[in-house]
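[1] please work out how this folds:
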Amino acid sequence: MVELRVIDRTAAVAWRRAYAIAPAIALIVIAAAGLWHLRQSTIDAHQRELRLLSIALADEIDRGLQDAQEGLQAVRLELAEDQLPIGGAEARRALQIRASLMPLVKELWLVDSAGRVLLASAANPVPALSSFSPALDRLSDGAIAIGTPFMDSATRQPAIAVAMRLAGPPGTGGGGGWIFAAMPASALLGAFSVASPASDASMAVFRGDGVRLAEQGAGAPSFELSRGDRSQLVAIRQLRRFGLTVVLTRNLHAVLAAWRPIAEMTAGGIALLLVVVAASAWRVRQADRRRDKAQQALQSQLARASKLEALGTLAGGVAHDFNNVLAAIVGFGEMAQDASVKGSAQERQIGKVLQAAGRGRTLIERILAFSRGGARASVVFELKPIVEEVLALHAESMHTGIVLERALEAPGARLRGDPTQAFAAVMNLCTNAIQAMPDGGRLSVRLGLVQVATARILSHSRLEPGRYLHLAVQDSGVGMTPPTMERLFEPFFTTRREQSGTGLGLAVVHGVVAEFGGAIDVQSAPGQGACFTLYLPECEEPVASSATSGPNAVPKGTGQVVLVVDDDPALVAMTTEMLTGLGYDPEGHADAVAALQAVRANPGRYAAVVTDEVMPVLTGTELARQLRSIRRDLPITLVTGYGRPLLAARASDAGIARVLGKPLERAQLASVLKALLG
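    Residues are numbered from 1 along each chain as shown. Next comes the predicted model:
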């Protein structure tokens, strides 16, 4: 389920990011489309202008050639009707007059079928008969043929000739021939020089066979260009009556000159936007990597926490049941020892049993510390003196080659909890660091205050915002591998099996930190040492006053009624018998509800209450809270073999005066009752 939620959240983040960059992508697409549309609009506008100009120029050329054709027909008719002489001094003059009457024509020639000049208006040589298209011998009646350009000897300018077939007028011998007319090649360009839209515009006129008759412009097109060229704008008009093609072109690069700055500016904006989007995508990618790394760290931390929580619950349950066994052994053993003959073998044997039970009790206390169920007190104390005491103890026994560095700040900073547990945690950390440096090194211990503004994910905990005492113990030893880091706080796990370690030291540290409501962070790598950092919540309450120790003799009661509550009947019997021997009048209950009803029925009967914590229906702290609502001044002592996390704080909130651990010792119970009852 958690994995599915992570996948859903990842998909949602991906969709949100897609929506975030969608406007930028849309803007780029719109800008590119607008730029392309502007380009096409510019090209289309110039193409229309060029096409209209080609139509106008083609019409002008067509009218000019039509005028020339009509003029030649008039001369042809005059020759046929013998109105134009072809011999004598007046014939040349008459031909010159006819040429001057034609708008485009500059010279006229009359040529017989053999190609001999019969009459000419000027001294220029007649064009070659083979240079005309269509061929003169296939020229239809009344049509004209156009020759290839030639150089006018008088003007030194290109000229072209047009020809029309004669009908064999009188005086030519009936053999026929042709009438030729010369005109400037520029006459075929019309008003292009005036109407040209730009300096890059060009014009050319071609015959049907591809011969260029006239041209103007820097990049005059070829006949093949009229078939298409993507680097040019081209407009083509056909003069089918005369077999001519008019081609106008413009350079596309020049046409787009006004569009190009806009395109460059837009492209620059798009490029800048792409850079911004790319940079944003890169930063988002980096953020994703950091988030993924943080998520992996969080999942790893949650996995570690879940595993340690499960181990702690298992260890606490085992410790609770084992404590009940030890409680019976210690309780009945002490009573048996009192009943034995002083100095007898039986007394010595029972003493050995009690010593073994004591060692078992020490082991159980360490397991309970790991499982966060072994709190015995909740008082306000300063941490700095405890750290100094631990360092002083180690300084006396530390082997040579280890340099101790300390930076203990935050004087007067206080914690709430069990100072014995704090001492054990600091002692275990320093001992572990020293054992990691068998060949010597540097041990650094730093203590200070730190304000955490936002939640942090540490290696083995989650640190909530708040003000913390910051204790760091760092060594320059062998360091730890990742697999070791994973199992670091498991009970009975150790990498020094050949030494005397049991593998409970760091497990106790983890349990103590959790009991204080703090967090722990571990940084290590093979060959680079390790640094354990504890974050313990600061307490602003005043330090509790030190309690004075009582005499060594076991204090006795004076017949006060003490209510004993435990779900184990054997422990109820053992405790009531122990209290009877101490001079009290105990009343035992194996049912917490029955005990509550007894107090409710007669609140003033009982001088004190001794109750177990882990019981069905009502726990010891819940029972104490209800008893205090009945009688405010009733002293309550909590006895526990496993009280689950933050037991000391819950006991203090419920109004419990003292918390004792199982197995319960007679002298300890007697001292507590004597102190509570005065």
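[2] can you give the domain ranges for the protein?
    As assigned by automatic domain parsing, the chain contains the domains 47-189, 375-537, 561-677.
[3] looking at those, which is nearest to Q337?
    With distances scored as CB to CB, the stretch of the domains of the chain nearest to Q337 is domain 561-677 (10.0 Å). Glycine gets a C-beta too; all of them are placed from N, C-alpha and C.
[4] between the two ends of that closest one, how far is it?
    11 Å (CA to CA, to the nearest Å).
[5] ok so, going back, and the domains of the chain, which is most packed in?
    When these are scored by mean count of other CB atoms under 10 Å, the highest mean neighbour count falls to domain 561-677 (a mean of 20).
[6] what mean pLDDT does it get?
    Across domain 561-677, pLDDT averages out at 87.
[7] how far does that domain sit from the chain's center?
    In this view, domain 561-677 has its centroid 58 Å away from the chain centroid, taken as CA atoms, centre = their mean, to the nearest Å.
[8] now do stretch 177-191
    78 Å.
[9] nearest to F332, out of the domains of the chain?
    By CB to CB (comparing all of these), the closest turns out to be domain 561-677, at 5.9 Å.
[10] so who does V452 touch?
    Neighbouring residues of V452 by CB atoms under 8 Å, 6 or more residues apart in numbering: 463-468, 535.
[11] make CSV from those and add secondary structure, distance to A91 and pLDDT to it.
    Listed next are these as CSV, based on DSSP: H, G, I helix; E, B strand; the rest coil; distance: CB to CB, whole Å; pLDDT from 0 to 100:
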residue, secondary structure, distance to A91, pLDDT
L463, strand, 123, 88
E464, coil, 124, 90
P465, coil, 122, 92
G466, strand, 127, 91
R467, strand, 128, 92
Y468, strand, 128, 93
Y535, strand, 127, 94
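[12] tell me which of those residues is nearest to Q40?
    Nearest to Q40 among the contacts of V452 is P465, at 61.0 Å by CB to CB.
[13] the closest one contacts A453, correct?
    Yes - with contacts counted by CB atoms under 8 Å, P465 reaches A453, the gap being 6.0 Å.
[14] thought R658 was touching A648?
    No - counting by CB under 8 Å, R658 stays clear of A648, with 10.7 Å between them.
[15] and which of the contacts of V452 is nearest L233?
    P465 (71.3 Å).
[16] looking at this protein, which strand is longest?
    Across the chain, the longest stretch assigned as strand under DSSP state E is strand 441-452.
[17] heading C-terminal from that one, find the next helix or strand.
    strand 456-457 (DSSP states H and E).
[18] any common contacting residues for R658 and A648?
    By CB under 8 Å, 6+ apart, no residue touches both R658 and A648.
[19] save the domains of the chain as TSV, and put in distance to V275 too.
    Converted to TSV, the domains of the chain look like this (distance: least, CB to CB, whole Å):
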stretch	distance to V275
domain 47-189	36
domain 375-537	32
domain 561-677	54
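[20] nearest to R285, of the ones you listed?
    Of these, nearest to R285 by CB to CB is domain 375-537, at 20.9 Å.
[21] return the residues in contact with G448.
    Contacts of G448 (CB under 8 Å, 6+ apart): 407, 409-410, 469-470.
[22] partner residues bridging it?
    H470 (DSSP bridges).
[23] before we move on, what about T640?
    Beta-bridge partners, per DSSP bridges, of T640: G661.
[24] pLDDT score for I146?
    94.
[25] so it lies in a strand, does it not?
    Yes - per DSSP: H, G, I helix; E, B strand; the rest coil, I146 lies within a strand segment.
[26] L136 is in contact with that one, correct?
    No - applying CB under 8 Å as the test, I146 and L136 come out as separate, 11.2 Å apart.
[27] joint contacts of these two?
    By CB under 8 Å, 6+ apart, the residues touching both I146 and L136 are A163.
[28] and for A195, nearest residue in space, chain neighbours not counted?
    L53 (6.0 Å; CB to CB, 6 or more residues apart in numbering).
[29] please name whichever of the domains of the chain is nearest to A235.
    domain 47-189 (3.9 Å).
[30] start to end distance for that closest one?
    Domain 47-189 end-to-end distance (CA to CA) = 19 Å.
[31] swap in stretch 129-143?
    End-to-end distance (CA to CA), stretch 129-143: 16 Å.
[32] most remote residue from the chain's center?
    If you look at how far each residue of the chain sits from its centre, by CA atoms, centre = their mean, the farthest one is G88, at 104.4 Å.
[33] now that residue. Its backbone dihedrals?
    phi 90, psi 170 (degrees, to the nearest 10).
[34] and the pLDDT at it?
    75.
[35] roughly how far does it sit from I434?
    143 Å (CB to CB, to the nearest Å).
[36] for the stretch 1-150 of the chain, which segments count as strands?
    Secondary structure of the stretch 1-150 of the chain (DSSP state E, counting those that start in this stretch): strands located at 107-112, 117-120, 132-133, 144-147, 150-151.
[37] dump these to CSV, plus distance to G177.
    Putting the strands of the stretch 1-150 of the chain into CSV (distance: least, CB to CB, whole Å) gives the following:
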stretch, distance to G177
strand 107-112, 4
strand 117-120, 7
strand 132-133, 13
strand 144-147, 13
strand 150-151, 20
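[38] right, and these - which one's nearest S202?
    strand 144-147 (21.0 Å).
[39] centre-most residue in the protein?
    Most central in the chain (CA atoms, centre = their mean) works out to D288, at 2.7 Å.
[40] same question for the helix or strand hosting that residue, mean pLDDT?
    According to DSSP H and E, D288 maps onto helix 259-339. The predicted model assigns helix 259-339 a mean pLDDT of 75.
[41] next one: stretch 127-139 to chain centre, how far?
    82 Å.
[42] identify the residues contacting it?
    111, 115, 143, 145-148, 150, 161, 163-165, 178, 180, 182, 207-209, 211, 243.
[43] doesn't V659 lie inside a strand?
    Yes - according to three-state DSSP, V659 belongs to a strand.
[44] what's near enough to touch the residue lying closest to it once chain neighbours are set aside?
    In space, V659 comes closest to L638 once its chain neighbours are excluded; the distance is 4.8 Å by CB to CB, 6+ apart. Contacts for L638 (CB under 8 Å, 6+ apart) come out as 611-613, 620-621, 624, 651, 656, 658-660.
[45] so which strand or helix has L638?
    strand 636-640.
[46] CA atoms only: put that strand into CSV for me.
    Output of strand 636-640 as CSV, limited to C-alpha atoms (Å, rounded to 0.1, in the frame of the first residue of the first chain):
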residue,chain,number,x,y,z
ILE,A,636,1.5,4.5,44.7
THR,A,637,4.6,2.5,43.7
LEU,A,638,4.8,1.0,40.2
VAL,A,639,6.7,-2.3,39.8
THR,A,640,7.4,-3.4,36.2
